Structure formats: C-alpha cells, structure tokens
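1. build me a structure from this.
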Amino acid sequence: MTRFRELRRGRVRAARFSGISPSILIIALLIVAAVSVLGMRALLADNSEGEPAGVLESRIDADATPSARPDAMASAEGTAALAVEVPSVTGRAIEEAEAVLGAAGLVVQRVSATSSASFGSVVDQHPPAGSMLPSGGTVMLGVVGHGEAQLDLSGFIVCIDPGHQSRSDQSPEPIGPGANATKPRVLGGTTGVVTRIPEFEIALQISMNLKQRLEAAGIQVVMTRQTNDVNVSNAERARIANAAGADLFIRIHADGSPDSSISGVSTLYPGSNQWTAPIAQSSRRAAELIHLAVISSTGAVCRGTVARGDLSGFNHSQVPVALVESGFMSNPVEDRLLSSPHYQDKIAQGITEGIFAYFKEISR
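-> Below is the predicted model:
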C-alpha cells in the first residue's frame with residue numbers, strides 16, 4: 001500500500017508540469033539564478049547599516065590559507081613596522097624631551113602648563129607613555145613657562161659651600177655672632193661604608209657640577225673652597241656668602257648613621273632665632289623648593305626639610321641659606337650611588353632646578 005501511494009504522488013507531480021514546455025522551464029531557471037546573483041551583490045555593497053563593506057567578503061574567504069591574500073598580509077606587516085611606542089618624558093627639560101621623542105621618530109608640539117616645577121620642565125604629555133603612534137606622529141607636551149619670557153638669571157649670585165675639608169679643625173668658634181657657646185670650627189665629615197671615599201670629596205664633586213650648571217645659566221657663583229686641602233671654618237664660610245652679597249647660600253653635605261639601613265635626602269634650613277630671624281622664612285622656602293627638585297631628580301627617599309638652630313654656618317649667615325644632605329654614606333647602596341658621576345649629576349640637576357624655582361618666586 002505504501003509503495004502504491006508513492007507511485008501515485010509521482011504521477012501527480014509529473015502531471016502538474018506536463019503542460020509546461022521545456023524551454024519555459026529553462027528560462028525560469030535562468031531568471032531565478034540571475035536574481036540570486038544580483039541579490040548577493042547588493043548585499044555585499046550595502047553598508048548603510050550593519051557591518052562595513054568588505055566584512056562579508058573577508059568572511060567568505062576567512063578559511064583561505066594566508067598565501068591566498070598576500071596583499072592584506074603585507075599591508076598589516078607594514079603598519080606594524082611603522083608603529084612607535086611613546087617614551088615617558090615628563091619631568092625632563094623640554095630640550096631633552098624633544099631629543100628623546102625625536103630619536104623615536106615622533107614630532108613634538110609644545111603647550112603652556114602651570115606648575116611649581118622649574119621653567120622649561122615637561123609636566124604633562126599626550127598621548128601618555130606606552131601609547132602607540134605611527135612614525136612621525138605628534139606628542140603634545142605641557143611645558144612650564146612655554147610662551148613666557150624666560151627669567152634673566154644673570155643678576156643673581158649663589159655661594160656654594162662644599163661641606164667639610166680634608167683635615168678637621170677642632171678649635172672652637174662661637175655658634176653665632178657674639179655667642180658664648182662654641183662648636184669646632186670644621187670637621188672632616190663621614191666616610192663611605194663601602195667605597196671608603198670621604199664626604200669632603202663627594203661634596204666638592206657635586207658642588208663643582210652645580211657650579212658649572214649655574215654659570216651656564218648666567219648666575220655668578222662664589223665658592224667657599226675649590227680644593228680639599230684648606231682650612232675654612234663654618235662661620236668663615238657664611239661670611240664669604242655675606243661678603244659676596246649672595247642671593248642664596250647653598251651648602252652641600254652627605255649624611256651618616258649607625259643604622260646602615262637608613263637612606264634618603266633631607267634639606268636643612270635655619271630655624272628662627274636671634275641671629276637668623278631675618279632670613280628664616282626665605283631660607284625655608286628655598287629649602288622646600290630645592291628639596292622637592294632633588295627628590296624628583298634622584299628618586300631618593302624623602303626625609304623632608306628640617307629646621308636647625310645649632311649650626312654655625314646658618315647662624316653666621318645674613319643671606320638665605322639651605323643645606324642639602326644628599327644621601328647616607330653609611331648605607332651601602334647610597335654610598336655607591338653618591339660616588340657615581342651619573343648620580344651626582346642628578347643631585348646637581350635637582351639643586352639647580354630648585355634654585356631656579358626659588359629665584360623665579362622672589363622675582364615676581
């Protein structure tokens with residue numbers, strides 16, 4: 001019975017098309033095929049909604065081997081070869097930042113930025129470090145003072161005091177003008193726990209680096225000593241700064257401690273007393289600016305700014321004064337750093353930037 005029904009259905013289907021000529025059937029099939037092709041082309045071309053043109057084509061041959069699309073592969077490889085990772089230049093001087101970005105194949109556009117950082121420092125960048133740009137792409141840098149007239153530093157005088165000397169002088173001198181209390185005239189300082197280099201040598205090396213930087217900016221520099229074999233007391237060093245009419249008296253030292261794990265930079269200034277009251281406030285501000293700049297430049301542990309009333313070199317000074325304790329020679333790591341010309345350069349650069357910031361403030 002089932003077989004009979006299937007044969008009957010076949011006869012019915014044949015009967016339905018028996019009245020249509022073969023030529024008409026062929027024409028109908030050709031029309032259907034043409035409509036299908038046109039529909040596919042319209043679908044591929046229409047990107048007014050949905051996916052962009054080319055997405056469907058890429059899906060059609062997505063299973064093709066890589067050699068089937070060498071043009072696409074070459075294009076992708078060429079784009080990757082031109083990509084440049086943006087280096088970090090914040091915190092650098094604009095000239096250095098431009099050199100770094102230029103070496104990476106990038107173009108710099110400067111914009112003005114407001115910050116307590118020194119004139120000409122880069123304080124912001126866009127796109128940020130680590131971003132990818134095509135070679136020749138532009139990086140915008142926020143530069144302190146861009147578009148402003150740079151401060152003329154040629155009228156300023158700085159007295160630099162490299163701490164200590166090769167031979168200590170234990171004879172007493174008054175702790176302040178007219179004081180009954182006394183302290184030794186000058187001591188030899190500490191010594192590196194690893195390098196065995198004395199503090200007075202490190203202090204002079206940093207000071208001479210600082211001298212060159214300040215003079216390059218047009219600042220007049222007066223030194224309390226330029227060799228290690230001298231005998232100049234702390235009070236006498238202050239009097240050298242006073243006689244020079246220094247706008248700032250900078251004293252360079254290194255620190256020491258029985259605890260070898262202690263490290264970092266501190267900056268001292270005179271507390272207000274009977275001798276230092278006229279310069280206490282300006283000295284504190286100079287110390288703050290210099291300290292911030294040195295910490296930024298070196299990345300050292302920040303031990304803050306500290307007021308001191310017991311230092312002869314402060315109490316005899318009539319001009320603003322700050323003392324930079326540039327690191328602990330009792331700490332093995334910092335001892336090695338302090339003997340490194342590269343690290344000394346960072347310290348001198350930070351002090352320079354702090355001095356510039358201070359002079360900019362007092363010139364307003």
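2. helices of this protein, start to end?
-> 2-17, 22-45, 55-60, 70-82, 94-103, 199-216, 234-244, 277-298, 312-315, 332-338, 341-362 (DSSP state H).
3. tally of neighbours for residue 310?
-> The number of residues packed near residue 310 is 13, by other CB atoms under 10 Å. C-beta here means a position set from N, CA and C on the backbone, and glycine is covered the same way.
4. actually residue 265, not the one I typed
-> 25.
5. what separates it from residue 120, distance-wise?
-> 23 Å (CB to CB, to the nearest Å).
6. lowest average pLDDT across the helices of the chain?
-> In terms of mean pLDDT, the lowest-scoring of those is helix 55-60 (a mean of 31).
7. quickly list the domain ranges of this protein.
-> Using automatic domain parsing, the domain ranges for the chain come out as 1-54, 81-144, 157-362.
8. please produce a markdown table containing these, extended by distance to residue 151.
-> What follows is the domains of the chain, written out as a markdown table (distance: least, CB to CB, whole Å):
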| stretch | distance to residue 151 |
| --- | --- |
| domain 1-54 | 55 |
| domain 81-144 | 6 |
| domain 157-362 | 5 |
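9. and those domains, which is most packed in?
-> Burial of the domains of the chain is given as mean neighbour count (mean count of other CB atoms under 10 Å); domain 157-362 ranks first at a mean of 20.
10. end to end, how far does that one reach?
-> 13 Å (CA to CA, to the nearest Å).
11. contact partners of stretch 214-227?
-> Residues from elsewhere that reach stretch 214-227, judged by CB atoms under 8 Å, 6 or more residues apart in numbering: 152-154, 156-162, 165, 204, 207-208, 211, 232, 236-237, 240-241, 244, 246, 352, 355-356.
12. roughly how far is it from the heart of the chain?
-> 27 Å (CA atoms, centre = their mean, to the nearest Å).
13. using CSV, list the CA coordinates for that stretch.
-> Taking Å, rounded to 0.1, in the frame of the first residue of the first chain, the C-alpha atoms of stretch 214-227 are listed here in CSV:
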residue,chain,number,x,y,z
LEU,A,214,74.6,77.7,37.4
GLU,A,215,77.2,79.5,35.5
ALA,A,216,75.8,78.1,32.3
ALA,A,217,72.6,79.8,33.2
GLY,A,218,74.3,83.1,33.7
ILE,A,219,74.4,83.0,37.5
GLN,A,220,77.5,84.3,39.3
VAL,A,221,79.0,81.7,41.5
VAL,A,222,81.2,82.1,44.6
MET,A,223,82.9,79.1,46.1
THR,A,224,83.9,78.7,49.7
ARG,A,225,86.5,76.2,48.6
GLN,A,226,87.6,74.6,45.4
THR,A,227,90.1,72.1,46.8
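14. right, and residue 88 touches residue 129 too?
-> Yes: here residue 88 reaches residue 129: they are 3.5 Å apart, a contact under CB atoms under 8 Å.
15. who's in contact with residue 154?
-> Counted by CB under 8 Å, 6+ apart, residue 154 has contacts 218, 219, 220.
16. could you redo the last one with a cut-off of 6 Å?
-> residue 218 (CB atoms under 6 Å, 6 or more residues apart in numbering).
17. per-residue confidence at it?
-> 91.
18. could you measure it against residue 348, distance?
-> In terms of CB to CB, residue 154 sits 20 Å off from residue 348.
19. then residue 288?
-> Counting by CB to CB, the gap from residue 288 to residue 348 is 19 Å.
20. quick check: closest non-adjacent residue to residue 313.
-> Closest residue to residue 313 apart from its sequence neighbours, by CB to CB, 6 or more residues apart in numbering: residue 234 at 4.0 Å.
21. now residue 263
-> residue 331 (4.4 Å).
22. let me know whether that neighbour touches residue 259 as I believe.
-> No: between residue 331 and residue 259 there is no contact under CB atoms under 6 Å: 8.8 Å.
23. now residue 324: how far from residue 160?
-> From residue 324 over to residue 160 (counting by CB to CB), the distance is 11 Å.
24. and if you look at residue 212?
-> 11 Å.
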